[in-house]
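**Q** Need coordinates for the following:
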Amino acid sequence: MSTPTLHCRSRHFHWDNAEPPALELEPGAVIELEVLEASAGQVTRGSGVSAIAALDFGRVNPVTGPLFVKGAEPGDSICVELLGFEPSGWGWTAIIPGFGLLAQDFPQPFLHLTQYDREHIEFLPGVLLPTRPFVGTIGLALKEPGRHSVVPPRHVGGNLDCRDMIAGSVAQFPVEVSGGLLSLGDTHAAQGNGEVCGTAVESGMLVRARVGLKKQAPIRFPRLSVPAPASAAGPSFLTLGVGPDLMQAAKDAVREMIDHLMSEYRLSAELSYCLCSVAVQLEISEIVDVPNWVVAARLPRDIFR
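**A** Reported below is the predicted structural model:
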């Protein structure tokens, strides 16, 4: 029996429980979903920075779907096992004015295009990132009627940008409407925890997944089971942000890392910020020693050749 494919023409730019299902699935079915990169074609292989300056936010983060899972009702949970990715081989990373952790530091648009294969992304000459495809946006419809922006994450999923949504992971989401209405998109070839500049290596892909159903399994927020190698950390360089506010500490840690990349590797501020977004892992190191908390920015040292 062939695996059904849901093409990217079955896409939407919002969450709405009145959105007609693109396909109905039996629990346990395997499906392939064609996913556009986050700009929905506004950025192409040949684009310049003008594409970012003209970006239409009403057309960002398209998701493919929705999928109606037969038998899914409120109080159940839908499980999505990510089986594999067929990447497109190119991606983009951008600084979008007014968007990102350090928006006030980087007011001008910036665009960086990359090519990649199944093993590596050549982010810059001598800077090789491991190709690590994952789904940035995945979730179910809200019980509240009307259209809801696809940009912020919610308790039923959405734009989670969790870099562990990789092949082999199983994600679980709370069902609030009949059929669940599962959609996914915003695939990335690589990203650091935090996606600090607002974009990762944004890249269209074909996603293969198995969609399951747990009856009478209420959960309040998404859950994720991740294969063991996903969290392995190699040699690293860390910068720290310390203070009474986690957001400010995160900003300080990233600013310190940008300074390090500029001084140690002679990168521009913009490329340093983008590299932080695709390769640096933000971590909460300490949140108990009143009155100050610690956020670490972890840079893998083995990306430099």
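
**Q** My read is that Cys8 contacts Glu37, right?
**A** No. Judged on Cβ atoms under 8 Å, Cys8 makes no contact with Glu37 at a distance of 10.0 Å. Every C-beta, even on glycine, is put in place using the N, C-alpha and C of the backbone.

**Q** Looking at those two, which is more packed in?
**A** Glu37 (27 against 18; other Cβ atoms under 10 Å).

**Q** can you give me phi and psi for the more buried one?
**A** phi -70, psi 170 (degrees, to the nearest 10).

**Q** measure it to Phe99 for me?
**A** 16 Å (Cβ to Cβ, to the nearest Å).

**Q** and if you look at Gln248?
**A** For Gln248, the distance to Phe99 - Cβ to Cβ - is 18 Å.

**Q** just Ile166 next, same as before
**A** In this structure, Ile166 and Phe99 are 25 Å apart, going by Cβ to Cβ.

**Q** between these two, who's got more neighbours?
**A** Legend: neighbour count by other Cβ under 10 Å for Ile166 and Phe99, higher for Ile166 (19 against 16).

**Q** hmm, back to that, need the overlap of contacts for Cys8 and Glu37.
**A** Residues touching both Cys8 and Glu37 by Cβ atoms under 8 Å, 6 or more residues apart in numbering: Gly204.

**Q** low pLDDT regions in the stretch 151-300 of the chain?
**A** Along the stretch 151-300 of the chain, the parts satisfying pLDDT under 70 run over 228-233.

**Q** what about the helices in it?
**A** Here the stretch 151-300 of the chain has its helices, by DSSP state H, counting those that start in this stretch, at 246-265, 269-279.

**Q** So what touches the first one?
**A** Residues outside helix 246-265 that contact it (Cβ under 8 Å, 6+ apart): 101-102, 105, 194, 196, 237, 239-243, 267-269, 271-273, 275-276, 280, 282, 284, 287, 293-297, 299, 304.
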